[in-house]
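Colleague: below are the sequence and a predicted model for it; my questions follow.
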Amino acid sequence: MATPLPQWMRLLGAGLTGLLAVLFVVVLQQTREQGQRVQQLQDKVQTIENANDLERTNALEEQLRSTVERLQALEGIEQKVQSLSSQVQTLRDLQRARPSLFPYESGEPGLRPSRPLPALPQLP
């Protein structure tokens, strides 16, 4: 039969086993803490990225809003131009139909009367 180990060897073995168990628990705890820290940092990074994305989105929305306002202003101007063009065409048609209503020629610079103007009445 094998001879039993001396008492000090059994105590040393138990102490080393306990030490290994404690070290295992410490390493496990540190791993969990590091995992939590990594998760916190990832959350912070995600929050910062979301904030940056939101800022970019807001800037793009503002640019789009400004562009839409300018486009609407241009559309309003275009409608006014079309209205004025229509009015000019109507006046030209009237001028051709009734030249007596328009004593000035419109085709040349420096509006000149197409017929002599009537004389002004004498002042008293």
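Modeller: In hand now; what should we look at?

Colleague: helices or strands next to the host helix or strand of Glu49 in the packing?
Modeller: Element membership for Glu49, per DSSP states H and E: helix 7-97. Using 3 or more C-beta pairs under 8 Å, 6 or more residues apart in numbering; DSSP states H and E, no helix or strand is in contact with helix 7-97. From N, CA and C alone the C-beta is placed, and that goes for glycine too.

Colleague: low-scoring stretches of this protein, by residue?
Modeller: 1, 99-118, 120, 124 (pLDDT under 70).

Colleague: can you classify Gln122 as helix, strand or coil?
Modeller: Counting by DSSP: H, G, I helix; E, B strand; the rest coil, the backbone at Gln122 sits in coil.

Colleague: again with Thr3
Modeller: Look at Thr3: counting by three-state DSSP, its state is coil.

Colleague: next, it: phi, psi?
Modeller: Phi and psi for Thr3, reported as degrees, to the nearest 10, are phi -80, psi 140.

Colleague: show the contacting residues for it.
Modeller: Contacts here follow C-beta atoms under 8 Å, 6 or more residues apart in numbering; on that basis Thr3 touches nothing.

Colleague: going forward, begin numbering at 778 instead of 1
Modeller: With 778 as the first residue, the last one maps to Thr780.

Colleague: same question for stretch 869-876: list its buried residues.
Modeller: Gln872 (16 or more other C-beta atoms under 10 Å).

Colleague: what's the spacing between it and its chain's center?
Modeller: 52 Å (C-alpha atoms, centre = their mean, to the nearest Å).

Colleague: same question, stretch 799-810
Modeller: For stretch 799-810 - counting by C-alpha atoms, centre = their mean - the centre lies 48 Å from the chain centre.

Colleague: just the C-alphas of it, formatted as CSV.
Modeller: Listed next in CSV are the C-alpha coordinates belonging to stretch 799-810 (Å, rounded to 0.1, in the frame of the first residue of the first chain):
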residue,chain,number,x,y,z
VAL,A,799,-9.8,32.2,-5.6
LEU,A,800,-7.7,33.2,-8.7
PHE,A,801,-10.3,31.7,-11.0
VAL,A,802,-13.1,33.7,-9.3
VAL,A,803,-11.0,36.9,-9.5
VAL,A,804,-10.3,36.4,-13.2
LEU,A,805,-13.9,35.6,-13.8
GLN,A,806,-15.0,38.8,-12.0
GLN,A,807,-12.5,40.9,-13.9
THR,A,808,-13.7,39.4,-17.2
ARG,A,809,-17.2,40.3,-16.3
GLU,A,810,-16.2,43.9,-15.3
